[in-house]
Every structure is written in C-alpha cells, then in structure tokens.
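> test case, fold it:
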Amino acid sequence: MHVRMPSIAPGVRAFVWAVAFFLYLWFGMRAVGVSHATSFILALVLGALIFLYIRVYGEDELGRAAQRPKRLP
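Numbers count the residues shown, from 1 in each chain. Below is the predicted model:
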C-alpha cells in the first residue's frame, strides 16, 4: 500500500506561507521597537505581496513540465 501526501490547493499553500511570514515580520518588527500600527501595516502589506508572489510563481516544476506538449526530434 502506497500512501501519498494529500493534494493541497496552491491558494491554500500561498495563504499559509503569507500568514507565517506576516507573523514573523510583525513579531520581528515589534521586537526591534517599531510601533504597533506601523509594524502591523507593513507586515500586512508584505504578507499580501508574499501571498501574490507565491500564488503566481509557487507552482511545481513537475506540473508545468507535464502540461507542455512534447516535441518530436
């Protein structure tokens, strides 16, 4: 019996990464003395940008290769 990892949608993976980086950035900025509002807004904007980046460019290379038509020699 072969057990595979469950399939996770790319949007869900991007959201999880964005939340993780948001928390990391927010707590990191708070730790070095950035004000609460400034650190929250910057972490929120950067988290949204991270979400978009991972959503657009975070696809597996294997999936892209399988979708390309094969060339004949």
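> centroid-nearest residue for this structure?
Centroid-nearest residue in the chain: residue 14, 3.4 Å away (criterion: CA atoms, centre = their mean).
> that one contacts residue 49, doesn't it?
No - under the criterion of CB atoms under 8 Å, residue 14 is not in contact with residue 49, lying 11.2 Å apart. Where C-beta positions appear, they are placed from N, C-alpha and C, glycine not excepted.
> okay, now residue 48: neighbour count?
Residues lying near residue 48 (other CB atoms under 10 Å) number 12.
> ok, residue 43 next?
The number of residues near residue 43, taken as other CB under 10 Å, comes to 21.
> now do the same contact list for it.
Counting by CB atoms under 8 Å, 6 or more residues apart in numbering, residue 43 makes contact with 22, 23, 25, 26, 29.
> repeat the analysis, applying 6 Å as the threshold.
Neighbouring residues of residue 43 by CB atoms under 6 Å, 6 or more residues apart in numbering: 22, 25, 26.
> export the helix or strand harbouring it as CSV, just CAs?
Secondary structure assigned from DSSP states H and E places residue 43 in helix 36-57. Taking C-alpha atoms only, helix 36-57 is exported to CSV below (Å, rounded to 0.1, in the frame of the first residue of the first chain):
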residue,chain,number,x,y,z
HIS,A,36,2.4,48.7,16.8
ALA,A,37,0.5,50.3,14.0
THR,A,38,3.4,50.7,11.7
SER,A,39,4.6,47.1,12.2
PHE,A,40,1.1,45.7,11.6
ILE,A,41,0.5,47.7,8.4
LEU,A,42,4.0,46.9,7.0
ALA,A,43,3.6,43.2,7.9
LEU,A,44,0.1,43.1,6.3
VAL,A,45,1.3,44.7,3.1
LEU,A,46,4.3,42.4,2.8
GLY,A,47,2.2,39.4,3.7
ALA,A,48,-0.2,40.3,0.8
LEU,A,49,2.8,40.7,-1.6
ILE,A,50,4.2,37.3,-0.4
PHE,A,51,0.8,35.7,-1.0
LEU,A,52,0.6,37.0,-4.5
TYR,A,53,4.2,36.1,-5.3
ILE,A,54,3.8,32.5,-4.1
ARG,A,55,0.4,32.2,-5.7
VAL,A,56,1.8,33.2,-9.1
TYR,A,57,5.3,31.7,-9.0
